[in-house]
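Asker: Here is a sequence together with a model predicted from it:
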Amino acid sequence: EKKQEKTFCGLTEFVGTGRGDTIGLVIANVDPSVHEAMGLDKKYRSIGIIGDRTGAGPQIMAADEAVKATNTEILKVELARDTKGGAGHGCLIIFGAEDVADARRAVEVALKELDRTFGDVYGNEAGHIELQYTARASYACEKAFNAPIGKSFGLVVGAPAAIGVVLADTVVKAANVDVIGYSSPAQGTSFSNEVILTFSGDSGAVRQALIAAREVGIKLLGTLGSQPVSDTVPYI
Amino acid sequence: EKKQEKTFCGLTEFVGTGRGDTIGLVIANVDPSVHEAMGLDKKYRSIGIIGDRTGAGPQIMAADEAVKATNTEILKVELARDTKGGAGHGCLIIFGAEDVADARRAVEVALKELDRTFGDVYGNEAGHIELQYTARASYACEKAFNAPIGKSFGLVVGAPAAIGVVLADTVVKAANVDVIGYSSPAQGTSFSNEVILTFSGDSGAVRQALIAAREVGIKLLGTLGSQPVSDTVPYI
Amino acid sequence: EKKQEKTFCGLTEFVGTGRGDTIGLVIANVDPSVHEAMGLDKKYRSIGIIGDRTGAGPQIMAADEAVKATNTEILKVELARDTKGGAGHGCLIIFGAEDVADARRAVEVALKELDRTFGDVYGNEAGHIELQYTARASYACEKAFNAPIGKSFGLVVGAPAAIGVVLADTVVKAANVDVIGYSSPAQGTSFSNEVILTFSGDSGAVRQALIAAREVGIKLLGTLGSQPVSDTVPYI
């Protein structure tokens, strides 16, 4: 019964829901005054919307797959300070399309990807660590993280932020990767309690760096509470 | 006993408390060094203070009524990222007055209005939607939202922010209203997980738009959890 | 068993944990690419790291003692919007050292100071007040608060922010102190729901001001819920 409630609400704008209090929506024909207020390019009559309370990395990586698979563009990636009292972000992602079917398809693909992209988020009562990987970054990773299109890309997050500093150092010592960006509570995050390192390199090096950081991150976060666990299945 | 605790604390600065962990305070004669540090106009010897953990809209709308009813000015409206782990704001509102009795009266009026102005806040475990309406906007709505003084004014909030995007579109399609502003996690909010649309128009149109958005918002938020409910009595 | 988990994790980077989900870490030899991404001065090969979910004042005051006691510098103090759903900050503090033993020692001293520096944090379900005092401010207080080095320094925090406004006024009326800064949700905090006043003066005046503010703050916060209490032992 609850399940039914979550997959149908009688509105054409509703597409579906996913992990992390994620909701997927679509507007077939955005009203011109809203279009202008949002600062969107006029050529995108239709938009797809992914928004959530918990997580930005998982939704951005999911949107990256959606963009690869559909005829859409990433118009906006905005990060709220959220996670429902946790240390991180929630987010709002806007896909643009000329046709509503494309926008809807992008949202559907992104929602389906979430179970996978939450795979390497490990949390406990004190915080979380997150690792993300793609063999070939696309437009969502470029928009959100300045990732070079078509290259292998990785990111590590540690929260509280202190843990992220050590993860950042672990990444670059573990393999030959190029740092793209370093974000911290006062610089580049929405005042989240995270340090985030983004990087690219060849596929093997990016994965090796992530695996090294994951091992360290789980140990460090564990000192502040119980053993950090993933709610789904690790993919890296 | 708890009730008594909440209405008396032995300090002349204390006025009262209200919904949303709202506290009402007054300073009869602000110390010059604090006056300067706060950046207040020197002519306001006395200030009234409304602050809370949960909500900005309800307190701003309540302050708007207080300004209409008293000889005070709105000096500041500041929005914290709060709601005690929720998706929205808390706030801090400063009234200025030449006489402490006026400042106190403004705070009393604002506290009394809160039960009404929380009327169209609907929440569940995943987020909230909020609708506010006034037939005649005054200085608090102007300060906080650039609302034209004396005109009918409305605002809709959706959290997570994705829901607010659809509510914004619903508002402008439902009635002939003028968009004043659009705020989102990275632009115009304090990184809250909300999209907020503010608008004016004739009274009937503003109300019609709000009623349409309320219907949509309750349905969409309900897909992420239980049926969204108001803790008090809807007024729109 | 839990205790053991918190004092050992098998990584050389781990130093220890403390109150407020605080973790203490050290990197002996920061990788050059991370060094550059963090914007650190090259001369500090080693860094000490203090990070936490709950509190900025206690950790900064603890770091201030650590800097006095060791051959280190404060490179960064960053404030996240955190406290695990509470109204305040978490933080990230970076010590720089030429020798890893110095960095480690600074982190150890800071962790040990935390029980004391949490002494005058009083919380209840609605918010918190915090008071901090040092007879002689050092580089952490200078970096975070522009405190004059070597002088007596105090700070008061009230959350929700409305309470902090009254505490600020109480401080300057209670004793002859010099205001250094006033921070509020929209100005100088990371959108926390706090008003923070920082001030200096002679030692007796600073303490007198803090004691006056503490009395007022506990009464005001108590109107919003239960009697505010310290989790440890007051030191002022």
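Answerer: Cool, the structure landed. Numbers count the residues shown, from 1 in each chain, chains lettered A, B, ... in the order given.
Asker: Quickly find the element holding the one residue in chain A that gets nearest to chain B.
Answerer: Proximity of chain A to chain B (C-beta to the nearest C-beta) peaks at residue A:51, 2.4 Å away. Every residue, glycine included, has its C-beta placed from N, CA and C. Assigned by DSSP states H and E, residue A:51 belongs to strand A:46-52.
Asker: for that strand, packing partners?
Answerer: Applying 3 or more C-beta pairs under 8 Å, 6 or more residues apart in numbering or on different chains; DSSP states H and E, we find strand A:46-52 packed against strand A:22-27, helix A:57-69, strand A:89-97, helix A:100-117, helix B:161-174.
Asker: and if we set it to 6 Å?
Answerer: strand A:22-27, strand A:89-97, helix A:100-117, helix B:161-174 (3 or more C-beta pairs under 6 Å, 6 or more residues apart in numbering or on different chains; DSSP states H and E).
Asker: Does anything pack onto the longest one? Which helices or strands?
Answerer: It refers to helix A:100-117. Using 3+ C-beta pairs under 6 Å, 6+ apart: helix A:100-117 touches strand A:14-18, strand A:22-27, strand A:46-52, helix A:57-69, strand A:89-97.
Asker: and chain A, which of its residues are near chain B?
Answerer: Contact residues (C-beta under 6 Å from any C-beta of the partner chain) of chain A with chain B: A:6, A:9, A:11, A:13, A:17, A:21, A:23, A:25, A:27, A:31, A:33-34, A:37-38, A:49, A:51-53, A:78, A:80-82, A:84-85, A:90, A:92, A:190.
Asker: again, only using 7 Å
Answerer: Within chain A, the positions near chain B by C-beta under 7 Å from any C-beta of the partner chain are A:5-6, A:9-11, A:13-14, A:17, A:21, A:23, A:25, A:27, A:30-31, A:33-34, A:37-38, A:49-53, A:78-82, A:84-85, A:90, A:92, A:190-191.
Asker: Does residue A:152 have any beta-bridge partners, and if so which?
Answerer: residue A:201 (DSSP bridges).
Asker: For the residue nearest the centre of chain A, which residues are in contact?
Answerer: The residue lying closest to the centre of chain A (C-alpha atoms, centre = their mean) is residue A:57, at 2.3 Å. Each residue near residue A:57 by C-beta atoms under 7 Å, 6 or more residues apart in numbering or on different chains is listed here: A:130, A:132, A:155, A:157.
Asker: Quick check: which element contains residue A:42?
Answerer: For residue A:42, there is no host helix or strand (DSSP H and E).
Asker: Quick check: it vs residue B:197, distance?
Answerer: With distances taken as C-beta to C-beta, to the nearest Å, residue A:42 is found 19 Å from residue B:197.
Asker: Same drill for those two, tell me which one is more crowded.
Answerer: Counted by other C-beta atoms under 10 Å in any protein chain shown, residue A:42 and residue B:197 do not tie: residue B:197 has more neighbours, with 29 against 9.
Asker: Can you tell me the SS state at that one?
Answerer: Secondary structure, DSSP: H, G, I helix; E, B strand; the rest coil: residue B:197 is strand.
Asker: quick revisit: taking the contacts of residue A:57 one by one, which sit in strands?
Answerer: Within the contacts of residue A:57, residues falling in strands by DSSP state E are A:130, A:132, A:155, A:157.
Asker: Just to check, the first one is in contact with residue A:157?
Answerer: Okay, so that is residue A:130. Yes. Taking contacts as C-beta atoms under 7 Å, residue A:130 lies within contact range of residue A:157: 4.0 Å.
Asker: The two - which one has more neighbours?
Answerer: The residue with more neighbours, out of residue A:130 and residue A:157, is residue A:157; 33 against 29, by other C-beta under 10 Å.
Asker: residue contacts, residue A:171?
Answerer: Taking C-beta under 7 Å, 6+ apart as the contact definition, residue A:171 lies against A:156, A:177, A:197, A:199, A:209, A:213.
Asker: residues near the fourth one, how many?
Answerer: Using other C-beta under 10 Å as the criterion, residue A:199 is surrounded by 27 other residues.
Asker: Distance check, it against residue A:184.
Answerer: Taking C-beta to C-beta, one finds residue A:199 at 16 Å from residue A:184.
Asker: Kindly report the same for the last one.
Answerer: Counting by C-beta to C-beta, the gap between residue A:213 and residue A:184 amounts to 16 Å.
Asker: what do you get for the first one?
Answerer: Counting by C-beta to C-beta, the gap between residue A:156 and residue A:184 amounts to 13 Å.
Asker: rewinding a little: put the alpha carbons of the strand holding residue A:51 into PDB.
Answerer: This file holds the C-alpha atoms of strand A:46-52, laid out as PDB (Å, rounded to 0.1, in the frame of the first residue of the first chain):
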ATOM      1  CA  SER A  46      10.600  20.500 -21.100                       C
ATOM      2  CA  ILE A  47      12.500  19.800 -18.000                       C
ATOM      3  CA  GLY A  48      13.300  16.700 -15.900                       C
ATOM      4  CA  ILE A  49      13.900  17.200 -12.200                       C
ATOM      5  CA  ILE A  50      15.700  15.000  -9.700                       C
ATOM      6  CA  GLY A  51      15.700  16.300  -6.100                       C
ATOM      7  CA  ASP A  52      16.500  14.700  -2.800                       C
END
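Asker: Kindly provide the whole-number mean pLDDT of that strand.
Answerer: For strand A:46-52, mean pLDDT is 98.
Asker: Listing partners with orientation, what would you give for it?
Answerer: If you go by DSSP bridges, strand A:46-52 pairs up with strand A:22-27 (antiparallel), strand A:89-97 (antiparallel).
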